[in-house]
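> I would like the atomic coordinates for the input below:
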Amino acid sequence: MSNKQCPKCGASNSPLAVHCSACGSHLSGNAAKAGSDPAAKPTGQEAPATKPNNLTECPDCGNQVSLKATSCPHCGAPRETARAVGKDSISQPQNFKQAEAQSNSVPTFGQRVIAAILAVVLFTHGYFLLRYKALTPCEAAARKVVVDIVSDGEEGPVTQAEAMGAAFATKYIGLPAARLAMSTESTAGCYAIALGLKGYRD
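Just a heads-up that it's a prediction; the model follows:
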């Protein structure tokens with residue numbers, strides 16, 4: 001037997017095929033043969049042979065419809081209502097990929113917490129870098145003397161009274177002295193002013 005050609009799309013089909021394997025349209029010449037010669041159509045063997053992955057099943061009439069067809073060629077039902085033979089297994093990976101892409105675009109709670117912690121650390125680091133930038137020689141000398149005032153040159157813990165006294169001296173007495181020292185820009189002048197503050201405390 002020779003292969004049947006589809007009158008709609010021109011695709012070559014098996015001589016026993018009832019529907020075109022490419023477009024799903026009904027092969028009219030085959031229907032007459034199938035009805036007149038029951039032995040020509042082996043039962044149970046045609047369905048697997050002519051049920052390729054590009055066919056769907058029409059929910060209205062139950063016939064196979066091509067995935068490319070916009071409506072069922074048998075009953076005229078629109079293709080949107082037809083369910084694919086392998087459509088569920090094909091659409092699930094697509095939906096899974098879409099859901100995975102959406103879940104990757106939305107940050108999780110843990111990612112938000114980590115981002116907030118990093119932002120706080122970077123902000124604090126930047127603040128202290130700008131606030132306590134490199135000291136001028138005068139500022140370094142004044143700071144050394146203030147440390148000497150607090151600790152009296154001795155190793156060991158600083159008492160609360162000593163810390164408060166140094167803070168008071170630096171805040172109220174040290175500010176004009178620091179301004180004067182900045183105007184001189186000499187390390188010796190800074191030491192002299194800071195040592196004067198230390199003498200004022202004693």
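> So Ala119 lies in a strand, does it not?
No - the assignment for Ala119, made by DSSP: H, G, I helix; E, B strand; the rest coil, is helix rather than a strand.
> Please tell me how far it sits from His125.
Going from Ala119 to His125 by CB to CB, to the nearest Å gives 11 Å. Placement of C-beta: from N, CA and C, glycine included.
> can you check Ser71 too?
66 Å.
> who has more neighbours, these two?
Ser71 (15 against 10; other CB atoms under 10 Å).
> Who does the more buried one form a beta bridge with?
Counting by DSSP bridges, Ser71 forms beta bridges with Pro78.
> so it touches Pro78, yeah?
Yes - at 5.2 Å, Ser71 counts as touching Pro78 under the criterion of CB atoms under 8 Å.
> which intervals of this protein have sub-threshold pLDDT?
Residue ranges of the chain with pLDDT under 70: 1, 29-53, 79-104, 131-202.
> burial measure for Ser2, as a count.
By other CB under 10 Å, neighbour count at Ser2 equals 6.
> that's a strand at it, yeah?
No - assigned with three-state DSSP, Ser2 falls outside any strand and is coil.
> distance of it from Phe109?
For Ser2 relative to Phe109 (CB to CB), the value is 67 Å.
> got it, and Ser12?
On the measure of CB to CB, Ser12 and Phe109 end up 59 Å apart.
> which one of the two has more residues nearby?
It is Ser12, of Ser12 and Phe109, that has more neighbours when counted by other CB under 10 Å, with 13 against 7.
> The more buried one: what's it in contact with?
Shown in contact with Ser12 (CB atoms under 8 Å, 6 or more residues apart in numbering): Asn3, Lys4, Gln5, Cys6.
> Please look at the first one and Gly10 and confirm they touch.
No - in this structure Asn3 lies outside contact range of Gly10 using CB under 8 Å: 11.7 Å.
> per-domain residue ranges of this protein.
Listed by automatic domain parsing, the domain ranges of the chain are 4-85, 134-201.
> Of the contacts of Ser12, grab the buried ones for ChimeraX.
A single ChimeraX command selects the buried members of those (16 or more other CB atoms under 10 Å):
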select :4,6
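> Which one of the contacts of Ser12 is nearest to Ile114?
Closest approach between the contacts of Ser12 and Ile114, by CB to CB: Cys6, at 60.3 Å.
> Now that closest one: closest residue in space that isn't a chain neighbour?
Cys20 (4.0 Å; CB to CB, 6 or more residues apart in numbering).
> Count residues in the vicinity of that neighbour, would you?
26.
> got a list of what it touches?
Cys20 touches Cys6, Lys8, Cys9, Ala11, Asn13, His26, Leu27, Ser66, counting by CB under 8 Å, 6+ apart.
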